[in-house]
Structures are given as structure tokens and as C-alpha cells.
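S.K.: Please find the sequence and the predicted model below.
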Amino acid sequence: MIDLDSLRLEFRSRFGGSPESGEPRVFRAPGRVNLIGEHVDYNEGWVLPLAIDRDCCVLAASRGDRRLRIHSREFAETVEIPLDFSRRGGHAWSHYVLGVAWALGEIGIEVGGADLLVASDVPPGGGLSSSAALEVSSGLALAALYGASPGRTALARACQRAENEFVGMRCGIMDQLTACWGRRNHALLIDCRSLDVRPVPLDSARLRVVVADTTTRHALAASEYNRRRAECEEAVRRIAAVRPGVAALRDVTWEEIAPLAAAWPEPIGRRARHVTTEIARVHAAAAALEGGDYEAFGRLMGESHRSLDRDYEVSSPELNLMVELAEGLEGVLGSRMTGGGFGGATVNLVRAEAADSFAAELGRCYEARTGVRPRVTACLAADAAAEIA
Ligand code: ADP
Ligand code: MG
């Protein structure tokens, strides 16, 4: 939990209290974890993430000029840059904030100068989407300072655009939508084509979500991600040649395309099988959650992991070990890799009463096998981004 009083003191000592700005306003946006529906967002399918009780906080005050002065507590660095910056050059982490200022301008929300203090307990690169938490909290702050309140989906789209076009990361929209639409004690069933969001109850009295970060990161992840996207596009081209109107893998089921896929070169069929069966699993998982059938939900998570490992080939030995160890522990309902893969974290659905011992035991077992201490975190489903003070 971030201590607001100490942040206010830090804001004053870094930026002073200017007469025109007064006390800073405070905004937060949550990280997220995806329960099921992996490598599905860019195939326009459905995903089932939740916003978590880890936040990026932004303290913000307007300035009389057109400069952004941003300090990140985690990166221990202050960047000062004019708003009318050229779109190239500049500084890596600050580009997420600058990009959001630019993307807001693109939808008609002109922002002026600001002092921003960023403090986040969403670990960067740990599979919990620290980048969307930073984008959405600073987007909310900049818009509010200049009297605008974009709708949630519009804000999410602007933040995704900032990451795609300004930072240069070709991410889907799941992370930003989750930060903007999160709801306490709920997961979100998101249609990545229509951007429709439906909250699904996640009973916090009975369930915990535990994230286990292997702390491994693989340099291959970005190029393999792009290759998977291209393979999915190839599958869609082959289907559309005989079924005009099919625009994405979300438009077909595996049963419909299996006879076609048998004639495709490796590995296109297996990639399409992962995506189409994963979309079916998301619908089944949402129904299981709504019906309180947590065992069924857990089984679907296991099937998702095996499909990501064997058909989509985006898992890693570390992720497979983390899942295998989790599946042997008391209180676990299901376990799978989450995020892009090739490293990063697993997500585990655990009975609430067993969550603490599960987390401790999983960390201990993994360290005993690998010598590496993983970062294991029990999470609750949290509310969407908001101004908090
Ligand atoms: P994640 O899965 O955590 O979103 P990304 O690679 O997408 O991983 O985003 C991480 C990047 O987001 C960091 O390298 C940094 O540029 C930016 N970022 C995240 N949190 C902060 C923060 N607290 N302060 C500054 N930059 C941050
Ligand atoms: Mg990210």
C-alpha cells in the first residue's frame, strides 16, 4: 500500500508548492492479471482478467507553462520535457506519460503543463501490467487537471494508442481496459472486438488469485510475439479463402476449421487450435465462475496452460515447473502461465483459506528446485482507476 502522506511531502520537496497549483491531486490505476484467454486479444476474442490491489499512483499539479516535469520513484529519476516535443527521442519510461498526453490531444483533449510524481507498487515487467497502470493513472491526471473526463473506454483506447504508436509496443487493449473498468470482487469478461466489458463475480471470501513471477525474462519474447501474430493472420487468410467474411480467429470454432487445418503447413493449425479452443475455454470459465464451479474453472486453467505450451509454444521450462509445483499443493484450483510467455509469471486460483500457505510453499518449492527465489503475491480484485484525493 502506498503511503499518501509521504508522497505529498515528497511532491512538495521535489516540485515546491506553486501558488497557481496548490496541493497536488492524487490519482491511481490498478495493475491486472489475466485469469484465462491468452494470446486471444489480438485475435479479437474474449479475455477474463481482473484489476488487482496493486496501483500506480500519480500526484499531479498543473503548471503555468507547457512543460511536463515527471519524477518516478521506482526509476529514481526526474525528466523535464516540453509538451510540444518532437515525437522521437526523449526518454524510455517517460514516453509512456508523454505518449498519453499526445494521445489525449488526438481525441481533442488538449492538456497543458504539469508536475507529476509517479509511485507504483506494480512491479515493472512482472506480468501485472505496470505500463497500463502508469498510462491510465497519468492519463486520468492530465485530463482532470485540464477539466476533461474522457469515458473509460476512450481513455483505455488513448492509452493503448500511446503504447502502440508512441512507445512502439504492439500490445492489445486488455490491460488498459482492465485498469479503466476493474471492479472490486469481480473479474471482467472483455470482448476484444466490441470492447464490451461484463463484470463477473469473483467471491473474495472463497477465492484468491496468486501470481508467481519466475523472474525470468526472455529476449525472444517480442520477436516470437510478432511471429505468433503473423501465424494467426496466415490462418485467417487460409480460412477466408474458402469462407469469405471471416476476419479473425474469433469468427470460427476449432470444430469448423479442423478439417481445413489438417492440410495446412506446420505450425499454423496448432496455433489456430490454441486460439479457437482458448476462446471456448474463456466462455466456459466465465460460466463456471458465475455458477460457483471453481473446480471446473481450475481445470480450464490447466488446459489453457497445456495448450499454450504444446500448441502455441510460448511457455518455458521455468513456467512449466511453476505450474507443475503449484498443481501439487494444497488449496490450488488451477494454475497456468499468464501474459505473453517465454518467462514472466503464472496465475493461480486458490481457495482463500489456503492462499497464504500456498504462496509460501510455492516460493519455497520453486527456490529449492532452481535456486531462484520467485516473487509470489496474493491479489484481490480491485476497483478501476480513479481520483482518490
Ligand atoms: P508490464 O508487464 O509491467 O506492463 P512492460 O514492459 O509493458 O511490462 O512495461 C514496463 C515499463 O513501463 C517499464 O520499463 C517503464 O518504462 C514503465 N513503467 C512501469 N512502471 C513505472 C514506474 N513506476 N515509473 C516509471 N516507469 C514505469
Ligand atoms: Mg505492459
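M.R.: Structure's in. What do you need? Numbering: from 1, shown residues only. Ligands and ions are numbered 1, 2, ... in the order given.

S.K.: Let me know how buried the residue of the stretch 51-200 of the chain found nearest ligand 2 is, in neighbour terms.
M.R.: Proximity to ligand 2, evaluated over the stretch 51-200 of the chain using C-beta to the ion, is greatest for Ser131 at 3.3 Å. (Glycine included, C-beta is placed from N, CA and C.) Residues within reach of Ser131, counting by other C-beta atoms under 10 Å, total 24.

S.K.: Got phi/psi on Thr377?
M.R.: In terms of degrees, to the nearest 10, the main-chain angles of Thr377 are phi -130, psi 130.

S.K.: Tell me the pLDDT of it.
M.R.: Note on Thr377: pLDDT of 92.

S.K.: what's it in contact with, if anything?
M.R.: Arg54, Val210, Val211, Ala212, Asp213, Ala359 (C-beta atoms under 8 Å, 6 or more residues apart in numbering).

S.K.: If the fifth one is in a bridge, with which residues?
M.R.: Following DSSP bridges, Asp213 is listed with bridge partners Ala345, Arg375.

S.K.: gap between it and ligand 1?
M.R.: 10 Å (C-beta to the nearest ligand atom, to the nearest Å).

S.K.: and the longest strand belonging to the chain, anywhere near ligand 2?
M.R.: Among the segments of the chain that qualify as a strand by DSSP state E, the longest is strand 46-62. No - residues of strand 46-62 are not located near ligand 2 by C-beta under 5 Å from the ion, the shortest gap being 11.4 Å.

S.K.: for whichever helix or strand comes after that strand, packing partners?
M.R.: Where DSSP states H and E defines the elements, the next helix or strand beyond strand 46-62 is strand 67-72. Where contact means 3 or more C-beta pairs under 8 Å, 6 or more residues apart in numbering; DSSP states H and E, strand 67-72 is packed against helix 4-15, strand 77-82, helix 92-106, strand 114-120.

S.K.: ok, the second one near ligand 1 or not?
M.R.: I take that to be strand 77-82. No - on the criterion C-beta under 6 Å from any ligand atom, strand 77-82 is out of touch with ligand 1, staying 8.1 Å away.

S.K.: any idea which helix or strand carries the residue of the stretch 51-200 of the chain closest to ligand 2?
M.R.: Per DSSP H and E: helix 130-145 holds Ser131.

S.K.: and the direction of the helix or strand following that helix versus that of helix 92-106, what angle?
M.R.: Going down the chain from helix 130-145, the next helix or strand is helix 152-161, by DSSP H and E. Interaxial angle, helix 152-161 versus helix 92-106 (axes from the mean of the first three to the mean of the last three C-alpha atoms, to 10 degrees): 130 degrees.
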